[in-house]
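Q: Mind folding the following:
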Amino acid sequence: MLEGLKLAWAQGFRQVELESDNALLAN
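A: Next up is the predicted model:
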């Protein structure tokens with residue numbers, strides 16, 4: 001259960017990172 005949450009959190013965090021990078025590149 002906990003491992004699944006960690007994995008989901010890591011994926012969500014990476015998604016946010018990618019979106020932030022794209023926003024910086026767009027500006």
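
Q: which residues are contacting the helix or strand hosting Ala10?
A: Using DSSP states H and E, Ala10 falls within helix 2-26. Around helix 2-26, nothing counts as a contact under Cβ atoms under 8 Å, 6 or more residues apart in numbering. Bear in mind the C-beta positions are built from the backbone N, C-alpha and C, glycine included.

Q: Give the rounded mean pLDDT of that helix.
A: Summarised as a single mean, pLDDT over helix 2-26 is 92.

Q: So what's the gap between it and the chain middle?
A: Distance of helix 2-26 from the chain centroid (Cα atoms, centre = their mean, to the nearest Å) equals 0 Å.

Q: now do stretch 19-27
A: Relative to the centre of its chain, stretch 19-27 is centred 13 Å away, using Cα atoms, centre = their mean.

Q: and that stretch, which residues are buried?
A: Of the residues in stretch 19-27, none count as buried by neighbour count, 16 or more other Cβ atoms under 10 Å.

Q: Put the alpha carbons of that stretch into PDB.
A: Extracted C-alpha coordinates of stretch 19-27, given in PDB (Å, rounded to 0.1, in the frame of the first residue of the first chain):
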ATOM      1  CA  GLU A  19       4.900  21.100 -16.500                       C
ATOM      2  CA  SER A  20       7.000  23.600 -14.600                       C
ATOM      3  CA  ASP A  21       9.900  23.100 -17.000                       C
ATOM      4  CA  ASN A  22       7.600  23.500 -20.000                       C
ATOM      5  CA  ALA A  23       6.200  26.700 -18.500                       C
ATOM      6  CA  LEU A  24       9.700  28.100 -18.000                       C
ATOM      7  CA  LEU A  25      10.600  27.200 -21.600                       C
ATOM      8  CA  ALA A  26       7.400  28.800 -22.900                       C
ATOM      9  CA  ASN A  27       8.300  32.000 -21.200                       C
END
